[in-house]
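Asks: Compute the structure for the input listed below.
(one chain, ligands or ions: 1)
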Amino acid sequence: MRSSDAASYDAIVIGAGISGAVMAERMASQLNWRVLVIDQRSHIGGNCFDELDADGIRIHRYGPHLFHTDREDVWQYLSHFTRWQPYEHRVLSSIDGELVPIPFNLTSIERCFPEEKAQRMISALIARFGEEARVPILELRKEAEPLLAELADFIYQKAFVNYTSKQWGVAPEAISPAVTARVPVVVSRDDRYFTDPWQALPADGYTAMFAAMLNHPAIEVRLSTPMSEMLRFDWESQRIYRREGGEESLFTGKVIYTGMIDQLFAADRGALRYRSLRFSFERKDQPWWQPATTVNYPNDHDYTRITEFRHLMQPEPAAAATTVVYEFPKEFDPAAGDEPYYPVFTEEGQHRFDDYAARAKAMSQLHCLGRLAQYKYFDMDDAVANALEAFTALEAAIRSKSAGGESVPHG
Ligand SMILES: Cc1cc2nc3c(=O)[nH]c(=O)nc-3n(C[C@H](O)[C@H](O)[C@H](O)COP(=O)(O)OP(=O)(O)OC[C@H]3O[C@@H](n4cnc5c(N)ncnc54)[C@H](O)[C@@H]3O)c2cc1C
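Replies: Residues are numbered from 1 along each chain as shown. Coordinates of the predicted model:
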């Protein structure tokens, strides 16, 4: 990362999360562009930011982040910036006082039903779908065989409805079965939460991986810098001005914006809705707190789940204490300092988004990228793939422009 002495940049990236970091790295390394990355937070990494706490346990400040992908290109790309520590995620759910594997598998059935009934359910499942099958819960709910229908109903009611209701802040009756339609029931003892071929954690953490991406002589990073300090958009004239040392000058380079798209327009057509979370970190004075990384609490308590970070570390930390985080879902309230985590999709929200996106697109210098600017939920691998695709499109446009004799503007 360069120190802040440069007068001009080819691109300014707003946001040092996955989307911004991938774009900045690509533009610097593939196009030889000078890139300024700013973030309003005091750290890089966006929501994937992690750090060691006082006990030497690596915690994820914005909730547990488990990397998994079936995209080899994403895996290869990230592997340039980190070594990996193998890790397969396992989740238990607290149901009627038992901790049972999620997704529901044969062990879960045995823990939730009396022995003889559990064996009959297991035999019926194997006979109908075969061993190793992964059956979407909605399909299971359509089964005429009463035992399978009972099992499907049990899982739906006990493991999903209340969890989903808490997460989205809607009454259990209002949850559409379609929401959990694709949640599988596993006809085996496989208790992995994800089945992707690549599952791992960056060996030195996500923050170190992003630092390696941004560690390029042509990239400068400025933290604790909101966009309004650096840029002004004039939508009428379709121009972007750069602010520096009390002066304003026209900026003609590219702007990659990874913040909330409605904020570009001061939400003049209304704010986009988000669901937020309150994270409550607790230090427990004992080496281990729970038997799996994450335990879901669908039916009791205001929190949805507890994650214990120690499970994510190899080698095991020496600390005698452990750190857990409780997640309390809530409506996103910017005035309360909440973070916007999950888009809440409504028809009205979609219209608003389409309107903002069309206005942003009209400014050809500006590229809206990532979960907040595209108002989409992206897993980390999707966010990387999305940014790589955006870069490929940008590169193709730049190359065809320069082949046509046009010069590429500098800011
Ligand atoms: C609770 C939770 C758990 C998750 N767990 C997983 C998981 O286990 N596995 C997985 O694959 N994915 C997970 N994800 C998804 C993952 O967090 C996203 O894929 C990723 O954060 C997307 O990166 P991004 O760069 O698009 O956005 P962000 O990470 O949000 O980065 C955007 C950055 O832009 C900055 N910014 C915004 N506006 C401005 C402005 N005006 N001025 C300056 N800076 C600005 C922000 O401060 C932020 O740093 C999880 C998400 C949540 C909410």
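
Asks: what's around the closest residue to the ligand within the stretch 51-200 of the chain, how many residues?
Replies: Among the residues of the stretch 51-200 of the chain, Gly63 lies closest to the ligand, at 3.0 Å counting by Cβ to the nearest ligand atom. C-beta: built from backbone N, CA, C; applies to glycine. Using other Cβ atoms under 10 Å, the number of residues around Gly63 comes to 15.

Asks: Quick one: classify it as helix, strand or coil.
Replies: coil (DSSP: H, G, I helix; E, B strand; the rest coil).

Asks: okay, it: pLDDT?
Replies: Gly63 carries a pLDDT score of 97 in this model.

Asks: sec struct for whatever residue of the stretch 151-300 of the chain ends up closest to the ligand, please.
Replies: Closest residue of the stretch 151-300 of the chain to the ligand, Cβ to the nearest ligand atom: Gly259 (2.5 Å). Secondary structure for Gly259, judged by three-state DSSP, is coil.

Asks: Surely Arg182 and Pro136 touch.
Replies: Yes - with contact defined as Cβ atoms under 8 Å, Arg182 counts as touching Pro136 (5.2 Å).

Asks: out of those two, which sits in the busier spot?
Replies: Using other Cβ under 10 Å as the criterion, Arg182 and Pro136 rank with Pro136 on top: 14 against 11.

Asks: And that one, its phi and psi?
Replies: In terms of degrees, to the nearest 10, the main-chain angles of Pro136 are phi -60, psi 140.

Asks: Would you confirm that it contacts Val186?
Replies: No - if you go by Cβ under 8 Å, Pro136 and Val186 don't touch, sitting 11.1 Å apart.

Asks: Spatially nearest residue to Asp333, not counting backbone neighbours?
Replies: Ser276 (7.2 Å; Cβ to Cβ, 6 or more residues apart in numbering).

Asks: Next, the residues that contact the helix or strand harbouring the one you found from outside, please.
Replies: Using DSSP states H and E, Ser276 sits in strand 274-284. Contact partners of strand 274-284, identified using Cβ atoms under 8 Å, 6 or more residues apart in numbering, comprise 53, 55, 59, 61-63, 167-169, 303, 321-333, 338-344.

Asks: what pLDDT, on average, does the very next helix or strand once past it get?
Replies: Going down the chain from strand 274-284, the next helix or strand is strand 294-296, by DSSP H and E. Mean pLDDT, strand 294-296: 98.

Asks: Please spell out which residues along stretch 202-209 are buried.
Replies: 202, 205-207, 209 (16 or more other Cβ atoms under 10 Å).

Asks: meant to ask about stretch 309-322
Replies: Neighbour count says stretch 309-322 has 309-313, 317, 319, 321-322 buried, by 16+ other Cβ under 10 Å.

Asks: chain center to it: distance?
Replies: 23 Å (Cα atoms, centre = their mean, to the nearest Å).

Asks: which bits of the protein sit near the ligand?
Replies: Applying Cβ under 6 Å from any ligand atom, we find that the chain lies next to the ligand at 14-20, 38-41, 46-48, 63-67, 226-227, 258-259, 277, 341, 370-372, 378-381, 383.
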